[in-house]
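Engineer: one predicted model, sequence on top.
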Amino acid sequence: MDKKKFDLKEMLRSNAVTIMFVALCIACMVYAKSSVSYVLMAMFGRMSRNAFIVLALIIPIVAGMGINFAITIGAMAAQIALLWVVEWQIVGLPGFLVASAITVPLAAVFGFLIGKLLNKMKGQEMIGGLILGYFANGLYQLLFLFIFGNLIPLKTSGLVIKGSTGVANTISLQTLKYSLDNIWNVDFGTALLTTTAIFAIIVVIQLILKRDNVLKMAIAVAVLSIISVIYYSVPAVSELFSLVSVPMVTFAVVGLLCLFNVAIMRTRLGQQFRAVGQNRTVANASGINVDRVRLIAIVISTVLAGWGQLIFVQNMGTFQTYGAHEQVGLYAGAAILVGGASIKKATNKQAIIGCFLFHLLFEVAPSAAKEIFGDAAIGEYFRVFISYGVIAMALVMHAWSGIQKKKNKALSVQ
(Lines give C-alpha, C1' and ligand atoms only; values in the text may rest on other atoms or scores of the structure.)
Protein backbone atom coordinates (compact mmCIF):
# COMPACT_ATOMS: atom_id res chain seq x y z
CA MET A 1 0.00 0.00 0.00
CA ASP A 2 1.36 3.41 -0.94
CA LYS A 3 1.76 5.88 1.86
CA LYS A 4 -0.08 9.14 1.54
CA LYS A 5 2.20 11.96 0.53
CA PHE A 6 2.56 14.89 2.89
CA ASP A 7 0.44 17.76 1.60
CA LEU A 8 1.59 21.05 3.12
CA LYS A 9 -1.27 23.00 1.57
CA GLU A 10 -3.86 20.61 2.97
CA MET A 11 -2.18 20.65 6.39
CA LEU A 12 -2.22 24.45 6.52
CA ARG A 13 -5.83 24.57 5.36
CA SER A 14 -7.09 22.02 7.87
CA ASN A 15 -5.21 23.66 10.76
CA ALA A 16 -5.72 27.30 9.74
CA VAL A 17 -7.72 28.19 12.87
CA THR A 18 -5.16 26.61 15.21
CA ILE A 19 -2.23 28.31 13.47
CA MET A 20 -4.03 31.66 13.61
CA PHE A 21 -4.62 31.27 17.35
CA VAL A 22 -1.01 30.31 18.04
CA ALA A 23 0.10 33.47 16.21
CA LEU A 24 -2.42 35.61 18.12
CA CYS A 25 -1.35 34.15 21.47
CA ILE A 26 2.34 34.77 20.72
CA ALA A 27 1.64 38.34 19.61
CA CYS A 28 -0.45 39.08 22.72
CA MET A 29 2.17 37.56 25.04
CA VAL A 30 4.86 39.76 23.46
CA TYR A 31 2.85 42.93 24.12
CA ALA A 32 1.31 41.92 27.45
CA LYS A 33 3.52 42.65 30.43
CA SER A 34 2.12 39.84 32.56
CA SER A 35 4.80 37.61 34.05
CA VAL A 36 5.11 34.11 32.64
CA SER A 37 4.71 32.67 36.15
CA TYR A 38 1.38 34.44 36.59
CA VAL A 39 0.12 33.35 33.15
CA LEU A 40 1.05 29.72 33.86
CA MET A 41 -0.72 29.85 37.22
CA ALA A 42 -3.84 31.30 35.61
CA MET A 43 -3.77 28.74 32.79
CA PHE A 44 -3.69 25.77 35.15
CA GLY A 45 -6.74 27.23 36.88
CA ARG A 46 -8.55 27.84 33.60
CA MET A 47 -7.74 24.38 32.24
CA SER A 48 -8.93 22.65 35.41
CA ARG A 49 -12.33 24.34 35.30
CA ASN A 50 -12.97 24.45 31.53
CA ALA A 51 -11.44 21.31 29.96
CA PHE A 52 -14.19 18.92 31.09
CA ILE A 53 -17.02 20.79 29.41
CA VAL A 54 -15.06 21.12 26.14
CA LEU A 55 -14.46 17.36 26.12
CA ALA A 56 -18.23 16.89 26.53
CA LEU A 57 -18.67 18.02 22.90
CA ILE A 58 -16.72 15.18 21.30
CA ILE A 59 -19.34 12.40 21.13
CA PRO A 60 -22.05 14.42 19.30
CA ILE A 61 -19.45 15.65 16.80
CA VAL A 62 -18.34 12.08 16.08
CA ALA A 63 -22.03 11.11 15.71
CA GLY A 64 -22.39 13.71 12.96
CA MET A 65 -24.43 16.24 14.94
CA GLY A 66 -21.90 19.07 14.89
CA ILE A 67 -21.22 21.36 17.85
CA ASN A 68 -23.79 20.62 20.55
CA PHE A 69 -24.72 24.18 21.54
CA ALA A 70 -27.52 22.66 23.65
CA ILE A 71 -24.94 21.85 26.36
CA THR A 72 -26.14 25.19 27.74
CA ILE A 73 -29.20 23.27 28.94
CA GLY A 74 -26.93 20.78 30.72
CA ALA A 75 -25.36 23.74 32.53
CA MET A 76 -28.85 24.89 33.54
CA ALA A 77 -29.54 21.44 35.02
CA ALA A 78 -26.36 21.75 37.10
CA GLN A 79 -27.39 25.17 38.37
CA ILE A 80 -30.82 23.89 39.39
CA ALA A 81 -29.07 21.11 41.33
CA LEU A 82 -26.74 23.64 42.97
CA LEU A 83 -29.69 25.75 44.10
CA TRP A 84 -31.11 22.81 46.03
CA VAL A 85 -27.73 21.92 47.54
CA VAL A 86 -27.36 25.50 48.80
CA GLU A 87 -30.97 25.47 50.06
CA TRP A 88 -30.37 22.22 51.93
CA GLN A 89 -27.05 23.62 53.24
CA ILE A 90 -24.95 20.62 52.23
CA VAL A 91 -21.36 21.84 52.27
CA GLY A 92 -17.99 20.74 50.90
CA LEU A 93 -17.42 17.57 48.89
CA PRO A 94 -20.75 15.94 49.99
CA GLY A 95 -22.56 18.98 48.56
CA PHE A 96 -20.66 18.67 45.28
CA LEU A 97 -21.46 14.96 45.04
CA VAL A 98 -25.16 15.51 45.82
CA ALA A 99 -25.30 18.22 43.13
CA SER A 100 -23.61 15.82 40.71
CA ALA A 101 -26.18 13.12 41.50
CA ILE A 102 -29.13 15.48 41.06
CA THR A 103 -27.69 16.77 37.79
CA VAL A 104 -27.70 13.31 36.17
CA PRO A 105 -31.48 12.70 35.97
CA LEU A 106 -32.22 16.35 35.19
CA ALA A 107 -29.65 16.56 32.39
CA ALA A 108 -30.60 13.11 31.09
CA VAL A 109 -34.27 14.12 30.75
CA PHE A 110 -33.31 17.42 29.12
CA GLY A 111 -30.90 15.59 26.82
CA PHE A 112 -33.60 13.09 25.85
CA LEU A 113 -35.98 15.91 24.89
CA ILE A 114 -33.20 17.73 23.00
CA GLY A 115 -32.27 14.56 21.13
CA LYS A 116 -35.88 13.86 20.18
CA LEU A 117 -36.22 17.34 18.71
CA LEU A 118 -32.85 17.29 16.91
CA ASN A 119 -33.82 13.99 15.30
CA LYS A 120 -36.65 15.89 13.64
CA MET A 121 -34.24 18.41 12.13
CA LYS A 122 -31.35 16.36 10.78
CA GLY A 123 -28.71 18.47 9.10
CA GLN A 124 -29.66 21.56 11.12
CA GLU A 125 -28.62 20.34 14.58
CA MET A 126 -26.32 23.24 15.43
CA ILE A 127 -28.80 25.99 14.73
CA GLY A 128 -31.46 23.85 16.43
CA GLY A 129 -29.30 23.47 19.54
CA LEU A 130 -28.61 27.20 19.59
CA ILE A 131 -32.30 28.10 19.38
CA LEU A 132 -33.16 25.44 21.96
CA GLY A 133 -30.70 27.11 24.33
CA TYR A 134 -32.53 30.43 23.97
CA PHE A 135 -35.91 28.75 24.43
CA ALA A 136 -34.75 26.83 27.51
CA ASN A 137 -33.28 30.03 28.93
CA GLY A 138 -36.77 31.56 28.92
CA LEU A 139 -38.14 28.62 30.90
CA TYR A 140 -35.12 28.81 33.21
CA GLN A 141 -35.81 32.51 33.89
CA LEU A 142 -39.46 31.68 34.68
CA LEU A 143 -38.37 28.95 37.05
CA PHE A 144 -35.86 31.09 38.94
CA LEU A 145 -37.79 34.39 38.88
CA PHE A 146 -41.29 33.18 39.67
CA ILE A 147 -41.52 29.53 40.71
CA PHE A 148 -38.51 29.36 43.06
CA GLY A 149 -39.04 31.70 45.99
CA ASN A 150 -42.74 32.12 45.17
CA LEU A 151 -44.56 28.87 44.43
CA ILE A 152 -41.65 26.88 45.87
CA PRO A 153 -40.41 28.73 48.99
CA LEU A 154 -36.68 29.03 49.68
CA LYS A 155 -35.70 29.43 53.33
CA THR A 156 -31.92 29.86 53.16
CA SER A 157 -30.76 33.41 53.76
CA GLY A 158 -29.51 35.25 50.68
CA LEU A 159 -31.16 32.98 48.11
CA VAL A 160 -34.20 35.17 47.47
CA ILE A 161 -34.16 38.74 46.11
CA LYS A 162 -34.70 41.11 49.03
CA GLY A 163 -38.14 42.73 49.01
CA SER A 164 -39.28 40.61 46.08
CA THR A 165 -39.65 37.04 44.90
CA GLY A 166 -37.35 34.92 42.81
CA VAL A 167 -33.78 33.79 43.25
CA ALA A 168 -31.05 36.36 43.91
CA ASN A 169 -28.90 37.51 40.98
CA THR A 170 -25.77 35.95 42.47
CA ILE A 171 -25.55 32.75 44.46
CA SER A 172 -22.57 32.35 46.75
CA LEU A 173 -20.94 28.92 46.74
CA GLN A 174 -18.31 29.62 49.39
CA THR A 175 -19.40 26.45 51.23
CA LEU A 176 -18.70 24.46 48.04
CA LYS A 177 -15.72 26.42 46.72
CA TYR A 178 -12.76 24.19 45.81
CA SER A 179 -14.69 21.17 47.15
CA LEU A 180 -13.16 19.09 44.34
CA ASP A 181 -9.97 21.07 43.75
CA ASN A 182 -8.79 21.00 47.36
CA ILE A 183 -9.04 17.22 47.80
CA TRP A 184 -5.43 17.02 46.63
CA ASN A 185 -3.84 20.29 45.59
CA VAL A 186 -0.05 20.21 45.14
CA ASP A 187 2.77 22.26 43.63
CA PHE A 188 3.84 21.68 40.03
CA GLY A 189 6.93 19.62 40.90
CA THR A 190 4.98 17.18 43.06
CA ALA A 191 2.29 16.90 40.39
CA LEU A 192 4.95 16.17 37.75
CA LEU A 193 6.60 13.41 39.79
CA THR A 194 3.24 11.90 40.75
CA THR A 195 2.05 11.82 37.15
CA THR A 196 5.33 10.26 36.00
CA ALA A 197 5.07 7.57 38.70
CA ILE A 198 1.44 6.77 37.76
CA PHE A 199 2.33 6.46 34.08
CA ALA A 200 5.33 4.26 34.95
CA ILE A 201 3.09 1.92 36.99
CA ILE A 202 0.68 1.69 34.04
CA VAL A 203 3.60 0.75 31.75
CA VAL A 204 4.68 -2.01 34.16
CA ILE A 205 1.12 -3.36 34.32
CA GLN A 206 0.88 -3.32 30.52
CA LEU A 207 4.18 -5.20 30.24
CA ILE A 208 2.97 -7.82 32.72
CA LEU A 209 -0.30 -8.22 30.78
CA LYS A 210 1.70 -8.23 27.50
CA ARG A 211 -0.34 -5.45 25.92
CA ASP A 212 0.59 -4.11 22.49
CA ASN A 213 0.17 -0.40 23.24
CA VAL A 214 3.08 -0.08 25.68
CA LEU A 215 5.29 2.05 23.41
CA LYS A 216 3.23 5.27 23.52
CA MET A 217 2.92 5.15 27.29
CA ALA A 218 6.63 4.37 27.68
CA ILE A 219 7.47 7.40 25.52
CA ALA A 220 5.20 9.53 27.72
CA VAL A 221 7.04 8.32 30.83
CA ALA A 222 10.40 9.12 29.21
CA VAL A 223 9.24 12.63 28.24
CA LEU A 224 7.84 13.30 31.73
CA SER A 225 11.08 12.04 33.29
CA ILE A 226 13.15 14.41 31.13
CA ILE A 227 10.84 17.32 32.04
CA SER A 228 11.20 16.41 35.73
CA VAL A 229 15.01 16.42 35.49
CA ILE A 230 14.95 19.82 33.75
CA TYR A 231 12.48 21.22 36.29
CA TYR A 232 14.55 20.24 39.31
CA SER A 233 17.99 20.94 37.83
CA VAL A 234 17.33 24.31 36.15
CA PRO A 235 16.34 26.99 38.71
CA ALA A 236 14.98 29.31 35.99
CA VAL A 237 12.46 26.65 34.93
CA SER A 238 11.45 25.97 38.54
CA GLU A 239 10.88 29.69 39.02
CA LEU A 240 8.48 29.84 36.06
CA PHE A 241 6.20 27.31 37.77
CA SER A 242 6.65 28.65 41.29
CA LEU A 243 3.09 30.06 41.48
CA VAL A 244 1.40 27.02 39.96
CA SER A 245 -0.75 24.76 42.11
CA VAL A 246 -2.27 21.67 40.51
CA PRO A 247 -5.68 20.30 41.60
CA MET A 248 -4.80 16.66 41.00
CA VAL A 249 -8.26 15.19 41.53
CA THR A 250 -9.85 17.71 39.13
CA PHE A 251 -7.31 16.91 36.43
CA ALA A 252 -7.78 13.19 37.18
CA VAL A 253 -11.51 13.62 36.51
CA VAL A 254 -10.66 15.33 33.20
CA GLY A 255 -8.30 12.43 32.42
CA LEU A 256 -11.06 9.92 33.20
CA LEU A 257 -13.35 11.69 30.72
CA CYS A 258 -10.60 11.42 28.08
CA LEU A 259 -10.35 7.69 28.80
CA PHE A 260 -14.14 7.40 28.65
CA ASN A 261 -14.19 9.05 25.22
CA VAL A 262 -11.52 6.66 23.97
CA ALA A 263 -13.10 3.58 25.55
CA ILE A 264 -16.64 4.23 24.30
CA MET A 265 -15.37 4.66 20.74
CA ARG A 266 -13.98 1.13 20.91
CA THR A 267 -17.34 -0.35 21.86
CA ARG A 268 -20.17 -1.33 19.55
CA LEU A 269 -21.96 1.90 20.46
CA GLY A 270 -18.86 3.91 19.59
CA GLN A 271 -18.64 2.24 16.20
CA GLN A 272 -22.27 3.14 15.67
CA PHE A 273 -21.49 6.77 16.55
CA ARG A 274 -18.82 6.78 13.84
CA ALA A 275 -20.99 5.03 11.28
CA VAL A 276 -23.89 7.45 11.81
CA GLY A 277 -21.50 10.40 11.69
CA GLN A 278 -19.98 9.28 8.40
CA ASN A 279 -23.21 8.50 6.57
CA ARG A 280 -26.68 8.19 8.10
CA THR A 281 -28.14 6.48 5.04
CA VAL A 282 -25.50 3.75 4.96
CA ALA A 283 -25.74 3.31 8.74
CA ASN A 284 -29.50 2.89 8.54
CA ALA A 285 -29.14 0.36 5.71
CA SER A 286 -26.69 -1.57 7.91
CA GLY A 287 -29.37 -2.04 10.55
CA ILE A 288 -28.30 0.74 12.92
CA ASN A 289 -31.11 2.63 14.65
CA VAL A 290 -29.82 6.08 13.67
CA ASP A 291 -32.28 8.08 15.79
CA ARG A 292 -31.48 6.02 18.89
CA VAL A 293 -27.71 6.42 18.45
CA ARG A 294 -28.03 10.19 17.98
CA LEU A 295 -30.29 10.40 21.03
CA ILE A 296 -27.76 8.57 23.20
CA ALA A 297 -24.98 10.88 21.98
CA ILE A 298 -26.92 13.99 23.01
CA VAL A 299 -27.95 12.56 26.39
CA ILE A 300 -24.32 11.67 27.24
CA SER A 301 -23.10 15.10 26.12
CA THR A 302 -25.78 16.94 28.13
CA VAL A 303 -25.04 15.01 31.33
CA LEU A 304 -21.29 15.56 30.92
CA ALA A 305 -21.92 19.27 30.32
CA GLY A 306 -23.83 19.44 33.59
CA TRP A 307 -20.91 17.91 35.46
CA GLY A 308 -18.55 20.25 33.64
CA GLN A 309 -20.56 23.24 34.85
CA LEU A 310 -20.35 21.94 38.43
CA ILE A 311 -16.56 21.69 38.12
CA PHE A 312 -16.48 25.24 36.78
CA VAL A 313 -18.59 26.87 39.50
CA GLN A 314 -16.95 25.03 42.42
CA ASN A 315 -13.68 26.55 41.23
CA MET A 316 -15.20 30.04 40.95
CA GLY A 317 -17.04 29.91 44.30
CA THR A 318 -20.05 31.81 42.95
CA PHE A 319 -22.25 32.01 39.88
CA GLN A 320 -24.50 34.52 38.22
CA THR A 321 -27.94 32.95 38.52
CA TYR A 322 -29.32 34.29 35.26
CA GLY A 323 -26.19 34.46 33.12
CA ALA A 324 -23.59 31.86 34.15
CA HIS A 325 -24.82 29.32 31.60
CA GLU A 326 -25.42 31.58 28.61
CA GLN A 327 -21.97 31.46 26.99
CA VAL A 328 -21.13 27.85 27.85
CA GLY A 329 -21.98 26.44 24.43
CA LEU A 330 -20.34 29.30 22.53
CA TYR A 331 -17.04 29.23 24.42
CA ALA A 332 -16.77 25.41 24.52
CA GLY A 333 -17.60 25.18 20.80
CA ALA A 334 -15.06 27.84 19.90
CA ALA A 335 -12.41 26.18 22.06
CA ILE A 336 -12.70 22.75 20.44
CA LEU A 337 -12.61 24.29 16.96
CA VAL A 338 -9.46 26.21 17.88
CA GLY A 339 -7.76 22.88 18.58
CA GLY A 340 -8.23 21.75 14.99
CA ALA A 341 -11.54 19.91 15.34
CA SER A 342 -14.26 20.32 12.76
CA ILE A 343 -18.01 19.89 12.94
CA LYS A 344 -17.48 16.32 11.71
CA LYS A 345 -14.38 15.18 13.55
CA ALA A 346 -12.97 15.78 17.05
CA THR A 347 -10.50 14.11 19.40
CA ASN A 348 -9.37 14.49 23.01
CA LYS A 349 -6.10 16.02 21.85
CA GLN A 350 -7.86 18.66 19.78
CA ALA A 351 -10.18 19.50 22.68
CA ILE A 352 -7.29 19.93 25.15
CA ILE A 353 -5.12 21.94 22.74
CA GLY A 354 -8.06 24.13 21.77
CA CYS A 355 -9.05 24.74 25.39
CA PHE A 356 -5.48 25.77 26.22
CA LEU A 357 -5.06 28.15 23.26
CA PHE A 358 -8.53 29.67 23.58
CA HIS A 359 -8.13 30.45 27.27
CA LEU A 360 -4.52 31.56 26.87
CA LEU A 361 -5.80 34.24 24.51
CA PHE A 362 -8.51 35.09 27.04
CA GLU A 363 -5.82 35.54 29.67
CA VAL A 364 -3.33 37.69 27.75
CA ALA A 365 -5.60 39.68 25.38
CA PRO A 366 -6.81 42.28 27.95
CA SER A 367 -3.24 43.01 29.11
CA ALA A 368 -2.00 43.30 25.54
CA ALA A 369 -4.89 45.60 24.61
CA LYS A 370 -4.13 47.81 27.61
CA GLU A 371 -0.51 48.15 26.53
CA ILE A 372 -1.33 48.77 22.85
CA PHE A 373 -4.54 50.82 23.07
CA GLY A 374 -4.53 51.96 26.70
CA ASP A 375 -7.84 50.20 27.40
CA ALA A 376 -8.15 46.60 28.67
CA ALA A 377 -11.83 46.54 27.65
CA ILE A 378 -10.77 46.34 24.01
CA GLY A 379 -9.20 42.97 24.79
CA GLU A 380 -12.51 41.83 26.29
CA TYR A 381 -14.41 42.84 23.15
CA PHE A 382 -11.75 41.23 20.98
CA ARG A 383 -11.98 37.83 22.62
CA VAL A 384 -15.78 37.78 22.36
CA PHE A 385 -15.46 38.70 18.68
CA ILE A 386 -12.91 35.91 18.28
CA SER A 387 -15.35 33.39 19.81
CA TYR A 388 -17.98 34.10 17.19
CA GLY A 389 -15.36 34.49 14.46
CA VAL A 390 -13.81 31.07 15.06
CA ILE A 391 -17.19 29.35 14.82
CA ALA A 392 -18.08 31.28 11.66
CA MET A 393 -14.71 30.47 10.11
CA ALA A 394 -15.09 26.77 10.92
CA LEU A 395 -18.53 26.67 9.32
CA VAL A 396 -17.30 28.48 6.21
CA MET A 397 -14.33 26.12 5.90
CA HIS A 398 -16.63 23.10 6.31
CA ALA A 399 -18.93 24.38 3.55
CA TRP A 400 -15.94 25.17 1.30
CA SER A 401 -14.47 21.72 1.93
CA GLY A 402 -17.79 20.12 0.95
CA ILE A 403 -17.89 22.12 -2.29
CA GLN A 404 -14.30 21.13 -3.10
CA LYS A 405 -15.05 17.45 -2.52
CA LYS A 406 -18.05 17.62 -4.84
CA LYS A 407 -15.93 19.31 -7.52
CA ASN A 408 -13.17 16.71 -7.17
CA LYS A 409 -15.73 13.88 -7.34
CA ALA A 410 -17.27 15.39 -10.48
CA LEU A 411 -13.84 15.71 -12.11
CA SER A 412 -12.93 12.12 -11.26
CA VAL A 413 -16.18 10.88 -12.83
CA GLN A 414 -15.41 12.80 -16.03
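Structural biologist: Perfect, thanks for sending it. Numbers count the residues shown, from 1 in each chain.
Engineer: which helix or strand contains the residue most central in space within the chain?
Structural biologist: Residue closest to the average C-alpha location in the chain (C-alpha atoms, centre = their mean): residue 54, at 1.2 Å. Remark: residue 54 resides in helix 36-55, with elements defined by DSSP states H and E.
Engineer: and that helix, average pLDDT?
Structural biologist: Across helix 36-55, pLDDT averages out at 92.
Engineer: now that helix: buried residues?
Structural biologist: Neighbour counts over helix 36-55 (16 or more other C-beta atoms under 10 Å) mark 39-55 as buried. Backbone N, C-alpha and C define where each C-beta goes, glycine included.
Engineer: wait, the residue nearest to the centre of the chain sits on residue 332?
Structural biologist: Yes. Using C-beta atoms under 8 Å, residue 54 is in contact with residue 332, at 4.9 Å.
Engineer: stretch 112-128 spans what distance, first to last residue?
Structural biologist: From the first residue to the last, stretch 112-128 extends over 14 Å; the measure is C-alpha to C-alpha, to the nearest Å.
Engineer: where does residue 243 land in three-state SS?
Structural biologist: Of the three states, residue 243 takes coil under DSSP: H, G, I helix; E, B strand; the rest coil.
Engineer: so how far is residue 338 from it?
Structural biologist: 25 Å (C-beta to C-beta, to the nearest Å).
Engineer: try residue 121
Structural biologist: As for residue 121, its distance to residue 338 is 27 Å (criterion: C-beta to C-beta).
Engineer: looking at the two, which one has more neighbours?
Structural biologist: residue 338 (32 against 12; other C-beta atoms under 10 Å).
Engineer: in stretch 158-171, what's buried?
Structural biologist: In terms of neighbour count (16+ other C-beta under 10 Å), stretch 158-171 has its buried residues at 159-160, 166-168, 171.
Engineer: ok, those vs residue 222, which is closest?
Structural biologist: Set against residue 222, the nearest of the buried residues of stretch 158-171 by C-beta to C-beta is residue 171 (46.6 Å).
Engineer: which parts of the protein are strands?
Structural biologist: Ranges of strands in the chain, per DSSP state E, are 170-172, 185-187, 245-247, 318-320.
Engineer: roughly how far out does the second one sit from the chain middle?
Structural biologist: Pointing back at strand 185-187 there. 23 Å (C-alpha atoms, centre = their mean, to the nearest Å).
Engineer: so what are the sheet partners of it and their directions?
Structural biologist: Neighbouring strands of strand 185-187 in its sheet, by DSSP bridges, are strand 245-247 (antiparallel).
Engineer: give me the contact list for stretch 245-265.
Structural biologist: By C-beta atoms under 8 Å, 6 or more residues apart in numbering, the list of residues contacting stretch 245-265 from outside reads 41, 44, 47-49, 51-52, 55-56, 58-59, 62, 178, 180-188, 190-191, 194, 270-271, 273-274, 304, 311, 315, 348, 352.
Engineer: now do the same for residue 87: its pLDDT.
Structural biologist: On pLDDT, residue 87 comes in at 92.
Engineer: what sits closest to it if chain neighbours are left out?
Structural biologist: Nearest non-adjacent residue to residue 87, counting by C-beta to C-beta, 6 or more residues apart in numbering: residue 156, 5.1 Å away.
Engineer: could you flag which of the contacts of stretch 245-265 are buried?
Structural biologist: 41, 44, 47-49, 51-52, 55-56, 58-59, 62, 178, 180-181, 184-185, 188, 191, 270, 273, 304, 311, 315, 348, 352.
Engineer: contacting residues for residue 368?
Structural biologist: Counting by C-beta under 8 Å, 6+ apart, residue 368 touches 27-32, 379.
Engineer: got the contact list for the residue nearest to residue 305 when sequence neighbours are not counted?
Structural biologist: Distance criterion C-beta to C-beta, 6+ apart; nearest residue to residue 305, sequence neighbours excluded, is residue 74 at 3.1 Å. With contacts defined as C-beta under 8 Å, 6+ apart, the neighbours of residue 74 are 56, 103, 107, 110-111, 301-306, 308-309.
Engineer: can you list these in JSON lines and add distance to residue 146?
Structural biologist: JSON lines is the format used below for those (distance: C-beta to C-beta, whole Å):
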{"residue": "56", "distance to residue 146": "30"}
{"residue": "103", "distance to residue 146": "23"}
{"residue": "107", "distance to residue 146": "23"}
{"residue": "110", "distance to residue 146": "20"}
{"residue": "111", "distance to residue 146": "25"}
{"residue": "301", "distance to residue 146": "29"}
{"residue": "302", "distance to residue 146": "25"}
{"residue": "303", "distance to residue 146": "27"}
{"residue": "304", "distance to residue 146": "30"}
{"residue": "305", "distance to residue 146": "25"}
{"residue": "306", "distance to residue 146": "23"}
{"residue": "308", "distance to residue 146": "28"}
{"residue": "309", "distance to residue 146": "23"}
